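K.L.:
what follows is a predicted protein model with its sequence.
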Amino acid sequence: MLKIFRLCTVIIVSLLIVACAKKDIKLVDENSKIVVLELDGTSKGVKINDKFNESVLEKYTEEIDGCFLAKEINNGNNGLNYEINEKIVSRIIASRKDMLSPYGVAVGDSANKVYINHPKNIEPDIEIDENGKEGDMFIYYKINPNKEVGVRYDISSNIVTSISVGNLFSCI
């Protein structure tokens, strides 16, 4: 009798685990729309150093000294902006919470996660945002010390508000 009880308990628990696992996998598969920024651009689509292509991107700011911001055509507000400098994509800026840096930091994460997720052998450059409120800053991780290229995090109230890859310093 005890063996039958144990067997029934094991079967019931196994069925519950399988049912919950399948539900979780299905939920993740249906709702996964995360955009991962790579050091050379997005996980799909426009890349750093691509030529400005008017059939893919449209300008939405005034051009000043060959520099302007663009967004993807027919993609609504997908949370990505493209800084164009001299007709070349120089920086990609992400502002939605489902967008990750190459190091797994998302818009909406704490500034502390930026430090935790980056390799310890790379020292960040930190700049206080003179135009923002107290505590606003930019954290830069250069992928090549001789170039101003890498990942930039805009921080406000200790929260990541945007992530950029490409040229770390804006031409706008």
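P.N.:
On my side now, so go ahead. Numbers count the residues shown, from 1 in each chain.
K.L.:
could you list the domains of the protein?
P.N.:
Using automatic domain parsing, the domain parsing of the chain gives 1-32, 35-167.
K.L.:
any idea of the mean pLDDT in the last one?
P.N.:
Per-residue confidence for domain 35-167 averages out to 87 on the pLDDT scale.
K.L.:
ranges for the helices of the chain?
P.N.:
For the chain, the helices defined by DSSP state H cover 2-31, 111-117.
K.L.:
pick out the shakiest of those helices, pLDDT-wise.
P.N.:
Per-stretch mean pLDDT for the helices of the chain is lowest at helix 2-31 (a mean of 37).
K.L.:
now Asn144: how far from Ile122?
P.N.:
Distance of Asn144 to Ile122, given as C-beta to C-beta, to the nearest Å: 11 Å. C-beta: built from backbone N, CA, C; applies to glycine.
K.L.:
nope, Asp50 is what I was after
P.N.:
Taken as C-beta to C-beta, the span from Asp50 to Ile122 is 26 Å.
K.L.:
which of the two has more neighbours?
P.N.:
Asp50 (18 against 13; other C-beta atoms under 10 Å).
K.L.:
so what's the more buried one closest to, chain neighbours aside?
P.N.:
What sits nearest to Asp50 in space, not counting adjacent residues and going by C-beta to C-beta, 6 or more residues apart in numbering, is Val89, at 4.7 Å.
K.L.:
so that neighbour touches Asn49, yeah?
P.N.:
Yes: contact status for Val89 versus Asn49: in contact at 6.5 Å, counting by C-beta atoms under 8 Å.
K.L.:
more neighbours: those two, which one.
P.N.:
Taking other C-beta under 10 Å, Val89 and Asn49 do not tie; Val89 has more neighbours (23 against 12).
K.L.:
run through the bridge partners of the more buried one.
P.N.:
Beta-bridge pairing of Val89 under DSSP bridges involves Ile84.
K.L.:
spatially central residue for this structure, please.
P.N.:
Centroid check for the chain by C-alpha atoms, centre = their mean gives Leu100 as the closest residue, at 2.8 Å.
K.L.:
look up how far Asn131 lies from it.
P.N.:
Here the criterion is C-beta to C-beta. By it, Leu100 lies 27 Å from Asn131.
K.L.:
do Phe52 as well
P.N.:
For Phe52, the distance to Asn131 - C-beta to C-beta - is 27 Å.
K.L.:
among the domains of the chain, which is the most enclosed?
P.N.:
Among the domains of the chain, domain 35-167 has the highest mean neighbour count (mean count of other C-beta atoms under 10 Å), at a mean of 16.
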